[in-house]
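1. Test case, fold it:
(3 chains)
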Amino acid sequence: MGYAMMWLEWLAAAILFVAVATACLARLRRPRLRIGLSLAAALLPIVKGSVIACIFAYVAMVTLRPWYTYHWFLFWFSWTACSAAGIVLVLVAGLRRRGGASPGAASWPRGKLALGLVAVLLLSWITFWNLDLSIKGRLASLRAEAGALALSVAPARPAESENAASVYRQAFDALGKGDDLPPEFGQGWTDWTNGHGSTADFDPADPKLAAFLARSEGAMSLLRRAAAMPACYFDHDYGRPSIWMLLPEMTDSHRSARLLALDARVKASQRQTDRAMEDIRAVFGIARHSTASPILISLLIAAGSDEAGVTALEAVLNFSQPSAGQLAGLDLSPPGMLQRNLPRALRMEEVFGVSVAVDIGLADDPLALGYLLAVTAPAEPFVAGWRVFLSQDEVAAYRGGVREYQRLADLPYYAVAAEWKTASQPESICRRGILAKALMPALGSCAKRLAQGDARHGVAYVAVAAARYRAEKGRLPETLDALVPEYLPAVPRGPFDGKPLRMVVRDGRLVFYSIGPDTKDGGTAFDEEKGTGDITFSLPINVAKPSESH
Amino acid sequence: MEPSDLPPELKGLERRLAARSRLQPPADLRLRVLAAMRRELAAQPAHSRRSWAGFWQYSAAVAAGILLVLNLLMSMGNRSDLPASRAANGADVQQVAAKIRELVPFISPEAALCEALILRAGSHLEMVPQLRPGVSSLQALQQIEEGPSWVTR
Amino acid sequence: MPATPDDLLEGLAAGREEAFAALYDAYGARLFAAACGMLGLREEAEDAVQDVFVGLVQARVWLRQVENLKAYLFASLRHAAMHRRGRAKASQFDTAEVAMPAADVGPDAEISRRLDVALRRLPHEQREVIALHVDAGLTFAEVAAVLDVSANTAASRYRYAMEKLREAMKEPDRGTV
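-> Okay, here's the model as predicted:
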């Protein structure tokens, strides 16, 4: 309604402006000057309307929508066309001579026309102001809604006796910045903590590595204690989380998990199976605690930590044969932890995205608007224009996009794998608008990565059950069903096909595997980059007696 | 040039022009002209254009008045004092994005930048207690507790 | 008491016949003289005058906004004359004679005839200035208002017309062409 009123008022203003100009110029003696200046005055509103229509056509093109269907382009195009028609009528009526000495416009009441123009301009300004105020009010209430949503997905605060946060803080302080590493480990350690390389790149017998791990033993002991506690709640304002609040913790927990994984491998090579299993349990505990944070980056870091734990576990189980008690003490959580927490993380994504939109709309964050539009320091009228014309559609489109992600995250990955890919295409995101283009990451690869993490955890879960079976019965199970219900409540299903995980004997090893993202049971090793092959965890078939603890 | 500044011989010529007998209109021209005017008057529509012009002027004035009143009513219903929010923190988005890529190497640079940009906004949220969680929140919590359907038979 | 221009305009706008008759009585003769000067043909001049008054009836609703009635009438006449000239053959106005009254005989009549011929050979912009100023008796300010030019321009155009007329009068008499 407000936009329709504004359209009419601006149309009336354009026509009245030209009428006033024509009436004033009609008294000029020189016909060419009179006609020329009248045409120049007539061109002003037409050029303004054309430029604005072109801007919206550009917005439509950038967001891959047909410009001729984009409603704001149609709004301004129709305004320009109607203004042009009205202005032409005014010029024809005003410049034509009615058998008299002067053009028709010479007899027009200039005062009344000017008064009418002022009144219409005042009306249009009031209408714009009202619209702007109304939208600002809606944006402010949107911010409040986002705050409430943030609190609803925030983790519950546990009892202090069950909260591992303070122990983690001590551990992180003890770890320091890792600048006491021997120089020759620098790059290798960096690569390992960045998710590249593996623990196999380190020589467990290297005395410098052993000395480094010995110096870190105090911190690792605290980490093991913290990871064993039921919950972790850092005292943050989850109603207003900020990146500076989260980054240090994410970095430290990421580093801690890898340090423990490295220590587990070294300890396993030294036949200190008990300590190795404690380290692996702590790695999984850190991953579990990371998933408590409703931040998407935390969840992805948790996936990395969990993967480090699985890799270290496979190395330990291949190096030694832990006892049933050691294996039971591992307390591996059931698979699916990562995907279970994805919907909550995506709700927090929606909260953050909406908050950015509100900041832009209320001109509180010109930096964000600059990133959004690849400009610096946009002027206030530009921000007001974005707010009045674009903000509502943009916010609605962005929320629609994130809710589509949320819908997909609520469903099993295998059922919606193709839809994840489609929703993450740059074209799909672009079509949702400029805000979505800037703020909606392509999460298809993240969702796939989390599914891979769950698959890896699932095969490790089954392998640990099989290792327990062997430790107690002296032989490996012939089928996975043999593990149910004593060692497994049920055979977990693979996230890429929804079918139970499989077991096969290959090259003298018992291989537990999940179909990979290519959904083919090819029997090949998993290639992370290509996304082909099966996700596996293998145990040696011929093993020594169970190791004794040190 | 002043209108009266004609040289003498041109003034003489002017006098000769003026001295020519002015032609008088024929006697019947008056009758013909008045008859033509009468015919034209009779051919005009019953209500004059002036009354139409007056009607449209009145309508335009009424419409403008209604628009003005509507606008004033809308502005009276709007709040003008919105609470000021805190200023954005000075995080360098590019630095944060780089740090995110260190922690999560498989995330694309564009996704890392998106995350860095939106994570800055969290500090501006207004805390509002939710008296009763929304239905979607309850459903989400339920699903989290039940777990994904493919884990158990 | 003669009607004022405002009264006439009021009466015209209201469509009263007596106002139209009063207007003809006030300006008809001068309009006819000016039309003869512009067009050179009696019949065409009569029709042009009729066009002016019929046009007045058509535009009567806007007449209240006319500031200068005399300028308005002669400007209408000028447009009617241009319109008629545009429709007719170009030679028709250049060669035909205007019928002269019987009293005009002798040397003065001969000079008048030669003046008429010379006038018809003038460009029509100069001819109409002379018709408005000499035949219709308008001042240069009034002529300027009719022609939509400045008074100086009107006076200059009149002077050039007179000089050309003088040159034409010096040439041997070529009679009608």
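2. Can you report how many residues neighbour residue 129?
-> No chain in the question, so chain A it is. Using other CB atoms under 10 Å in any protein chain shown, A:Trp129 is surrounded by 17 other residues. Just so you know, the C-beta spots here come from the backbone N, C-alpha and C atoms, and that holds for glycine as well.
3. wait, I meant chain C there
-> C:Val129 has 30 nearby residues by other CB under 10 Å.
4. Helix or strand for it, just tell me which one.
-> If you go by DSSP states H and E, C:Val129 is part of helix C:124-130.
5. Can I get that helix in PDB, CA atoms only?
-> The C-alpha trace of helix C:124-130 is given here as PDB (Å, rounded to 0.1, in the frame of the first residue of the first chain):
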ATOM      1  CA  HIS C 124       5.400  37.800 -45.800                       C
ATOM      2  CA  GLU C 125       7.100  38.500 -42.400                       C
ATOM      3  CA  GLN C 126       7.800  42.100 -43.600                       C
ATOM      4  CA  ARG C 127       4.400  42.400 -45.200                       C
ATOM      5  CA  GLU C 128       2.500  41.500 -42.000                       C
ATOM      6  CA  VAL C 129       4.500  44.000 -39.900                       C
ATOM      7  CA  ILE C 130       3.400  46.700 -42.300                       C
END
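6. That one near chain B anywhere?
-> Yes. Using CB under 8 Å from any CB of the partner chain, helix C:124-130 reaches chain B at C:Ile130.
7. Buried residues in the longest helix along chain C, which are they?
-> Using DSSP state H, we find that the single longest helix of chain C is helix C:17-39. Neighbour-count burial for helix C:17-39, with 16 or more other CB atoms under 10 Å in any protein chain shown as criterion, is recorded at C:19-24, C:26-39.
8. re earlier: do the helix holding C:Val129 and chain A meet?
-> No. Using CB under 8 Å from any CB, helix C:124-130 stays clear of chain A, coming no nearer than 13.6 Å.
9. What residues sit buried inside that helix?
-> For helix C:124-130, by 16+ other CB under 10 Å, it's C:His124, C:Gln126, C:Arg127, C:Glu128, C:Val129, C:Ile130.
10. what ranges do the helices span in chain C?
-> C:5-14, C:17-39, C:42-58, C:69-87, C:90-95, C:107-121, C:124-130, C:140-147, C:151-170.
11. my bad, should have said chain B
-> Going by DSSP H, chain B shows helices at B:8-19, B:27-43, B:49-76, B:93-103, B:109-119, B:135-146.
12. A:Leu408: which element?
-> Counting by DSSP H and E, A:Leu408 is part of helix A:391-409.
13. Give me the contacts around that helix.
-> Outside helix A:391-409, the residues within contact range by CB atoms under 8 Å, 6 or more residues apart in numbering or on different chains are A:135, A:138-139, A:142, A:339, A:342-343, A:346-347, A:349-350, A:353-354, A:357, A:360-361, A:416, A:419-420, A:423, A:429, A:432-436, A:439-440, A:443, A:447.
14. Nearest the geometric middle of chain A, what residue?
-> A:Pro441 (5.0 Å; CA atoms, centre = their mean).
15. who's in contact with the residue in chain C that chain A sits nearest to?
-> As assessed by CB to the nearest CB, chain A sits closest to C:Gln65 within chain C, at 3.6 Å. Residues near C:Gln65 by CB under 8 Å, 6+ apart: A:Ser107.
16. Not counting its neighbours along the chain, what's nearest A:Ala303?
-> Nearest residue to A:Ala303, sequence neighbours excluded (CB to CB, 6 or more residues apart in numbering or on different chains): A:Gly453, at 4.0 Å.
17. does chain B sit close to stretch A:422-431?
-> No. Contact of stretch A:422-431 with chain B (CB under 8 Å from any CB) is absent, the minimum separation being 8.6 Å.
18. who's in contact with A:Met250?
-> If you count contacts by CB under 8 Å, 6+ apart, A:Met250 has them with A:Ser290, A:Ile297, A:Ser298, A:Ile301, B:Leu103.
19. Looking at those residues, which is nearest C:Ala80?
-> A:Ile297 (86.2 Å; CB to CB).
20. After the helix ranked longest in chain A, heading C-terminal, what element do we hit next?
-> For chain A, the longest helix by residue count, based on DSSP H, is helix A:110-153. The first helix or strand that comes after helix A:110-153 along the chain, using DSSP H and E, is helix A:165-175.
21. Check which helices and strands that following helix is in contact with.
-> Judged by 3 or more CB pairs under 8 Å, 6 or more residues apart in numbering or on different chains; DSSP states H and E, helix A:165-175 is in contact with helix A:217-228, helix A:243-269.
22. can you tell me if stretch A:137-154 touches chain B.
-> Yes. On the criterion CB under 8 Å from any CB, stretch A:137-154 is in touch with chain B at A:137, A:140, A:143-153.
23. follow-up on the earlier one: quick one, the longest helix of chain A and helix A:391-409 angle?
-> Relative orientation of helix A:110-153 versus helix A:391-409 (axes from the mean of the first three to the mean of the last three CA atoms, to 10 degrees): 20 degrees.
24. Wait, A:Leu443 touches B:Ala111, no?
-> Yes. A:Leu443 is within contact range of B:Ala111, at 7.3 Å (criterion: CB atoms under 8 Å).
25. ok, those two, which is more surrounded?
-> When A:Leu443 and B:Ala111 are compared on other CB under 10 Å, the one with more neighbours turns out to be A:Leu443, at 27 against 24.
26. which residues does the more buried one contact?
-> A:Leu296, A:Leu346, A:Tyr405, A:Trp420, A:Ala423, A:Ser424, B:Ala111 are the contacts of A:Leu443 under CB under 8 Å, 6+ apart.
27. Filter the residues you listed down to the ones in helices?
-> Using DSSP H, the contacts of A:Leu443 in helices are A:Leu296, A:Leu346, A:Tyr405, A:Trp420, A:Ala423, B:Ala111.
28. hang on, isn't the last one packed against A:Leu439?
-> No. In this structure, B:Ala111 is not within contact of A:Leu439 by CB under 8 Å, at 10.7 Å.
29. looking at chain A, which helix or strand does the model trust least?
-> Lowest on mean pLDDT, DSSP states H and E among the helices and strands of chain A sits helix A:366-373, with a mean of 59.
30. immediately after it, which helix or strand?
-> Next element after helix A:366-373 (DSSP H and E): helix A:380-385.
31. Just the buried positions in that next one, please.
-> Going by 16+ other CB under 10 Å, helix A:380-385 has these buried residues: A:Val383, A:Ala384, A:Gly385.
32. That one near chain B at all?
-> No. Using CB under 8 Å from any CB, helix A:380-385 never reaches chain B; the gap is at least 14.2 Å.
33. Now A:Leu209: which helix or strand?
-> helix A:207-215.
34. Go through that helix and flag the buried ones.
-> Neighbour counts over helix A:207-215 (16+ other CB under 10 Å) mark A:Leu209, A:Phe212, A:Leu213 as buried.
35. go on, stretch C:113-123?
-> Counting neighbours by 16+ other CB under 10 Å, stretch C:113-123 gives C:Arg113, C:Arg114, C:Leu115, C:Asp116, C:Val117, C:Ala118, C:Leu119, C:Arg120, C:Leu122 as buried.
36. Work out the gap between it and the centre of the chain.
-> 15 Å (CA atoms, centre = their mean, to the nearest Å).
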